[in-house]
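Chemist: Kindly generate the corresponding structure for this input.
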Amino acid sequence: MFRALNILLHLLLSASVFGQLIEQEVRYDLARITIDDGLPQGMVQDILQDRQGYLWFTTKDGLARSDGYAFTIFQHDPEDPASIAGNHSDLLFEDRNGGLWIAVFGEGLDRYDPRTGRFDHVHFPVGTPREAFLDVDRIREGPQGGIWFTSVGEYLYVVDPKDPELLARPARTIHPKSHIPTRVSYFEFDATGALWVMNGDSVVCDPSLRGSDTTAATVWPIPTPLPPRNGTLEKHPMVHWRQGHKVVVSVPSMLLLFDTHTHAVDTLRVPAGQHVWFTQLVDDAGRLWYRTDDNRIWRVDLHTGRFEPLHFTADGKDVYEEFQTVLFRCQDRSGNLWGGSKGYGVFKLGRTSTRFQRRLDQDGRLLRGCLHYPRAPPVRHDAPCLAGGPGACPTWLAAVHDRHHRERQELDRCGRRYQGPHLGRARGRGPLTGGAGLP
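Modeler: As a prediction, the model looks like this:
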């Protein structure tokens with residue numbers, strides 16, 4: 001059963017509307033990390049910091065993992081069925097058990113197990129349209145532990161992580177009593193476990209996946225997307241602001257803020273003539289970072305409705321003129337923002353003074369693959385890889401951190417290239433040796 005609300009009339013008559021306030025342009029200088037620092041390739045579309053502290057970067061020529069000092073590169077090996085399915089990775093997601101899910105362009109979805117270093121491949125039933133896995137563009141974990149994902153073909157599939165075959169099936173087949181549309185542009189799960197789904201002309205909140213919940217699904221009709229100035233028609237962007245308990249959707253001329261508890265809808269008008277092309281992330285201050293159709297980056301405070309145009313420089317150059325734009329995808333636990341690019345490497349907007357730094361040998365030559373802090377980080381007993389929290393780090397683990405750090409220093413003094421414990425599949429030292437070095 002649906003409970004339909006005509007949002008076109010509802011927004012005009014009853015929704016709360018923020019007053020628009022545009023601030024002066026804010027300028028930032030970004031640090032840039034490139035293939036000269038060890039990235040396998042410069043086009044970085046997604047970035048994630050896992051629970052152990054590692055930073056992961058998707059590229060077109062391998063999946064890169066950094067411990068703050070160097071990169072480990074994971075690439076497809078046709079002789080190794082436990083290697084990643086392909087070199088062109090697009091999207092990352094970490095589930096609540098620590099498994100890392102990677103969208104591999106043209107191949108579908110992989111799961112990386114940090115305990116074994118193995119990549120397992122998601123399979124699809126015979127006859128599955130290629131568009132269902134060609135280009136996965138969103139991955140989330142459902143309230144019952146299933147991994148849900150959509151593709152640019154607007155198919156919604158679910159895979160059970162406990163299934164040894166990792167067989168993905170259509171969400172409508174697994175949940176026939178749900179109110180999932182035939183085509184799904186974007187989706188999110190709120191803190192209560194309700195599914196929020198969007199297609200080209202509506203937003204649906206479906207609480208049926210919570211089990212015994214009999215609350216009717218709610219549907220809000222919304223305007224269809226309009227072509228932006230660059231002529232490329234994109235889906236309505238959608239992002240979940242968890243701290244504010246809001247699902248944020250961009251439609252022409254405004255942002256819609258759906259309260260996940262009350263289903264009240266607030267609207268926030270964007271600056272005149274602006275087209276929100278891609279929403280990037282909501283930071284820990286409740287500010288939505290987004291890209292317009294002219295590749296400029298803005299942010300808006302979702303508490304106050306305050307808009308800020310952003311300008312960036314990197315390596316002494318104007319980012320918009322030299323590097324096109326920045327794709328902010330991750331905020332690490334220290335508050336630093338990490339952004340990808342369309343071929344120019346990774347950009348870091350640091351909240352603290354600690355940052356990656358290029359390392360030179362005795363002759364002033366760049367050591368490829370070496371990324372270092374200005375000073376050596378101390379051995380931490382509250383390493384983020386430890387679930388026990390501060391003080392829970394045993395003596396033997398502190399010794400592992402210390403030994404691993406000394407090995408890095410010796411390699412650097414010898415001028416040898418260091419790219420992590422192992423290229424390709426990570427074997428040998430476990431991930432516990434890497435978490436403390438990240439910003």
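
Chemist: Partner strands of the helix or strand containing R299 and their direction?
Modeler: Assigned by DSSP states H and E, R299 falls within strand 297-301. Partners of strand 297-301 in the sheet, by DSSP bridges, are strand 287-292 (antiparallel), strand 306-314 (antiparallel).

Chemist: Could you list the low-pLDDT ranges of the stretch 251-400 of the chain?
Modeler: Flagging of the stretch 251-400 of the chain using pLDDT under 70 yields the residue ranges 352-400.

Chemist: Look at the residue nearest to R140 when sequence neighbours are not counted and give its secondary structure.
Modeler: Nearest non-adjacent residue to R140, counting by CB to CB, 6 or more residues apart in numbering: W148, 5.1 Å away. Quick note: C-beta positions are derived from backbone N, CA and C, even for glycine. Three-state call for W148 (DSSP: H, G, I helix; E, B strand; the rest coil): strand.

Chemist: State the number of residues packed around W148.
Modeler: W148 has 23 neighbouring residues, counting by other CB atoms under 10 Å.

Chemist: same check, this time on D283
Modeler: The burial count for D283: 17, using other CB under 10 Å.

Chemist: likewise the one 10 residues further on?
Modeler: One way to gauge burial is a neighbour count; for D293, by other CB under 10 Å, it gives 17.

Chemist: From H311, how far off is it?
Modeler: According to CB to CB, to the nearest Å, D293 stands 17 Å off from H311.

Chemist: ok, now L48?
Modeler: 26 Å.

Chemist: Between those two, which has more neighbouring residues?
Modeler: More neighbours surround L48 than the other of L48 and H311, with 21 against 13 (other CB under 10 Å).

Chemist: ok, the helix or strand harbouring that one: who's next to it in the sheet?
Modeler: According to DSSP H and E, L48 maps onto strand 47-49. Strands that pair with strand 47-49, judged by DSSP bridges, come out as strand 55-59 (antiparallel).

Chemist: Quick check: mean pLDDT of the strand it pairs with?
Modeler: For strand 55-59, mean pLDDT is 98.

Chemist: ok, then the element right after it?
Modeler: Heading C-terminal from strand 55-59 (DSSP H and E), you reach strand 62-66.

Chemist: what's the angle from that following strand to strand 55-59?
Modeler: With axes from the mean of the first three to the mean of the last three CA atoms, to 10 degrees applied, the angle from strand 62-66 to strand 55-59 works out at 160 degrees.

Chemist: Each with direction, which strands does strand 62-66 pair with?
Modeler: Strand 62-66 has these strand partners (DSSP bridges): strand 55-59 (antiparallel), strand 71-74 (antiparallel).

Chemist: can you list those strands in TSV and add distance to E154 and mean neighbour count?
Modeler: TSV is the format used below for the strands paired with strand 62-66 (distance: least, CB to CB, whole Å; neighbours: other CB atoms under 10 Å):
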stretch	distance to E154	mean neighbour count
strand 55-59	21	25
strand 71-74	29	24
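
Chemist: Next, the distance between the ends of stretch 248-261.
Modeler: 14 Å (CA to CA, to the nearest Å).

Chemist: Return the set of residues that bridge with I297.
Modeler: In beta-bridge terms (that is, DSSP bridges), I297 pairs with R291, L310.

Chemist: Spell out the residue ranges of the helices in the chain.
Modeler: Counting by DSSP state H, the chain has helices at residues 7-13, 171-174, 319-322, 395-413.

Chemist: Lowest mean pLDDT across those, which one is that?
Modeler: Across the helices of the chain, the lowest-scoring stretch is helix 395-413, with a mean of 38.

Chemist: What does the pLDDT read for the closest residue to A85 other than its chain neighbours?
Modeler: In this structure, A85 finds its nearest non-sequential neighbour in E107, 4.1 Å apart by CB to CB, 6+ apart. Confidence at E107, expressed as pLDDT, is 94.

Chemist: can you check P237 too?
Modeler: P237 is given a pLDDT of 85.

Chemist: That one touches W289, doesn't it?
Modeler: No: look at P237 against W289 with CB atoms under 8 Å: they stay out of range, at 11.4 Å.

Chemist: how about low-confidence regions in the stretch 1-150 of the chain?
Modeler: 1-20.

Chemist: run the last query once more with 80
Modeler: Residues of the stretch 1-150 of the chain meeting the criterion pLDDT under 80: 1-21.

Chemist: Report how many residues lie close to D284.
Modeler: D284 has 11 nearby residues by other CB under 10 Å.

Chemist: how does the chain divide into domains?
Modeler: Using automatic domain parsing, the domain parsing of the chain gives 2-357, 369-437.

Chemist: Would you tell me which one of these is buried the most?
Modeler: Highest mean neighbour count among the domains of the chain (mean count of other CB atoms under 10 Å): domain 2-357, with a mean of 18.

Chemist: and C330, what does it touch?
Modeler: I47, L48, Q49, L55, L281, L337, W338 (CB atoms under 8 Å, 6 or more residues apart in numbering).

Chemist: Pull the most distant pair out of these.
Modeler: The span of those, defined through CB to CB, is set by L55 and L281 at 14.9 Å.

Chemist: Show the backbone phi and psi for P164.
Modeler: phi -60, psi -20 (degrees, to the nearest 10).

Chemist: what ranges do the strands span in the stretch 251-400 of the chain?
Modeler: Secondary structure of the stretch 251-400 of the chain (DSSP state E, counting those that start in this stretch): strands at 254-259, 265-269, 276-282, 287-292, 297-301, 306-314, 317-318, 327-331, 337-342, 346-349, 357-360, 366-372.

Chemist: Any idea which of those gets closest to W101?
Modeler: strand 327-331 (15.0 Å).

Chemist: between the closest one and strand 297-301, how big is the angle?
Modeler: Strand 327-331 and strand 297-301 are oriented at 40 degrees to each other (the same axes, to 10 degrees).

Chemist: tilt between strand 327-331 and strand 337-342?
Modeler: 150 degrees.

Chemist: for strand 327-331, the distance to its chain's centre please.
Modeler: Its chain's C-alpha centre and that of strand 327-331 lie 7 Å apart, by CA atoms, centre = their mean, to the nearest Å.

Chemist: ok, now stretch 149-162?
Modeler: Distance, centroid of stretch 149-162 to centroid of chain: 16 Å (CA atoms, centre = their mean).

Chemist: Need the CA coordinates for that stretch. PDB is fine.
Modeler: Below are the C-alpha coordinates for stretch 149-162, written out as PDB (Å, rounded to 0.1, in the frame of the first residue of the first chain):
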ATOM      1  CA  PHE A 149      23.800  -2.200  -5.300                       C
ATOM      2  CA  THR A 150      22.600  -0.400  -8.400                       C
ATOM      3  CA  SER A 151      24.100   0.200 -11.800                       C
ATOM      4  CA  VAL A 152      23.800   2.900 -14.400                       C
ATOM      5  CA  GLY A 153      21.200   0.600 -16.000                       C
ATOM      6  CA  GLU A 154      19.000   1.400 -12.900                       C
ATOM      7  CA  TYR A 155      18.800  -2.200 -11.800                       C
ATOM      8  CA  LEU A 156      18.700  -2.900  -8.000                       C
ATOM      9  CA  TYR A 157      20.300  -6.200  -6.900                       C
ATOM     10  CA  VAL A 158      21.100  -7.900  -3.600                       C
ATOM     11  CA  VAL A 159      23.800 -10.400  -2.600                       C
ATOM     12  CA  ASP A 160      24.000 -12.300   0.700                       C
ATOM     13  CA  PRO A 161      27.600 -12.100   2.100                       C
ATOM     14  CA  LYS A 162      27.100 -15.500   3.700                       C
END
